[in-house]
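[1] Would you be able to build a 3D model of this:
(chains A and B)
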Amino acid sequence: MNTLSPAWYMDIRTAETSEHMSLDLTRHLPRRLMVGTAVIVSDRPDILLAVRKRWMRVIREVQRQLSSTLDSAKKYELTREVERLRSFQFTTQLDKPGVDALLIEPSQTVCHLPEFTSLYILTPLTTDQFLSVAEHAAPSTMVAVYGEHAPYEQALRAISSDTPNYPIS
Amino acid sequence: MSVLVLADNQPGNEAVLCVICLQHVPLSEVTAGSLYADGHQAFACNTHLYDRTRWINEWAAFDATQRQALQPLQEER
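    Reported below is the predicted structural model:
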């Protein structure tokens, strides 16, 4: 294990179509919602609908796997997985408390946001918009970028000296 | 698709453990997932992302293991 000081994780994603983007996001998001709140920045509010539809498919897939296993440990794991996937709350409402995934438009990056551990950038942001949203990031936040990531990487490198030490395994 | 770790002492493209295939792979080939019980970031190969069954099963198993590992840590506190 190395100790890094300080760390942001930038996950550079590629998606050629909006379909591919919503698929990638729906596979990626469940793992990150285990860690904490996610903020998704997109200028297309309909992406939330696409993600919700795919989310229901993921739940059905987990249920299918659950019903096809006799392994009691696996049954337990998959039962927990279904419960978790069903419990996550998605919203576009900034003032809704206890939300798991918040979808905002680029213009809303200046608004007060909940502290998050995952940020998904689906739409290009200006440096000011990015820095504004990054203010609400918890330590060791993962930033997933679909598209050009260099400006955000530069901005994070500039501000990362203000964050504490986090280990990587 | 890759992961960059932005830190003062950045490791570059060092190898990390994929929690699905348990191989050490470069950061350029992984995606960030959930966390180990002790708070460390866990990773998995990007190639596993589109193997739906394996992706779901292995991460569910990983998270269950971490929850179990967390219980004694929480009891200690």
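
[2] Skipping its backbone neighbours, what lies nearest A:Phe88 in space?
    Leaving aside its chain neighbours, A:Phe88 sits nearest to A:Asp100 (4.3 Å; criterion: C-beta to C-beta, 6 or more residues apart in numbering or on different chains). (C-beta placed from N, C-alpha, C; glycine too.)

[3] Which of the residues in the strand ranked longest in chain A are classified as buried?
    Longest strand of chain A, by residue count under DSSP state E: strand A:137-146. By 16 or more other C-beta atoms under 10 Å in any protein chain shown, the buried positions in strand A:137-146 come out as A:137, A:140-146.

[4] Please apply the same query to stretch A:146-158.
    A:146, A:149, A:152-153, A:155-157.

[5] So which of those residues would count as near chain B as well?
    A:149, A:153, A:156-157 (C-beta under 8 Å from any C-beta of the partner chain).

[6] Relative to A:Gly36, which of these is nearest.
    Closest approach between these and A:Gly36, by C-beta to C-beta: A:Leu156, at 18.2 Å.

[7] Checking my notes, the closest one in a helix, right?
    Yes. Assessed by DSSP: H, G, I helix; E, B strand; the rest coil, A:Leu156 belongs to a helix.

[8] give the contact list for it.
    Contacts for A:Leu156 (C-beta atoms under 8 Å, 6 or more residues apart in numbering or on different chains) come out as A:8, A:10, A:134, A:143, B:6.

[9] For the fourth one, name its beta-bridge partners.
    So that's A:Val143. Here A:Val143 shows beta-bridge partners A:Met10, A:Leu119, assigned using DSSP bridges.

[10] so it makes contact with A:Leu125?
    No. A:Val143 sits out of contact with A:Leu125 when judged by C-beta atoms under 8 Å, with a separation of 10.9 Å.

[11] Can you read off the pLDDT for residue 45?
    Going with chain A. At A:Pro45, the model reports a pLDDT of 79.

[12] nope, chain B please
    On the pLDDT scale, B:Cys45 is placed at 96.

[13] Same question for the one 3 residues further on.
    Looking at B:His48, its pLDDT is 95.

[14] burial count for it?
    B:His48 has 20 neighbours, counted by other C-beta atoms under 10 Å in any protein chain shown.

[15] Any figure for the gap between it and B:Leu17?
    From B:His48 across to B:Leu17, the span is 13 Å (C-beta to C-beta, to the nearest Å).

[16] okay if I get the buried residues of stretch A:146-158 as CSV plus pLDDT and distance to A:Arg27?
    Listed next are the buried residues of stretch A:146-158 as CSV, based on pLDDT from 0 to 100; distance: C-beta to C-beta, whole Å:
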residue, pLDDT, distance to A:Arg27
A:Tyr146, 94, 13
A:His149, 93, 19
A:Tyr152, 94, 22
A:Glu153, 91, 23
A:Ala155, 91, 27
A:Leu156, 89, 24
A:Arg157, 85, 28
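
[17] so does the helix or strand harbouring A:Ser132 get close to chain B?
    In this assignment (DSSP states H and E), A:Ser132 forms part of helix A:127-134. No. Figure legend: helix A:127-134 not in contact with chain B (C-beta under 8 Å from any C-beta); closest approach 11.5 Å.

[18] neighbours of residue 67, just the number please.
    Looking at chain A here, since you left the chain open. By other C-beta under 10 Å, neighbour count at A:Ser67 equals 9.

[19] Hmm, no, I was thinking of chain B.
    Residue neighbour count, defined by other C-beta under 10 Å, stands at 13 for B:Arg67.

[20] got it, and A:Ala7?
    The local packing of A:Ala7 (other C-beta under 10 Å) involves 27 other residues.

[21] so what's the closest residue to A:Gly98 other than its chain neighbours up against?
    Distances taken as C-beta to C-beta, 6+ apart place A:Gln89 nearest to A:Gly98, at 6.7 Å, with adjacent residues excluded. Contacts for A:Gln89 (C-beta under 8 Å, 6+ apart) come out as A:96, A:98-101.
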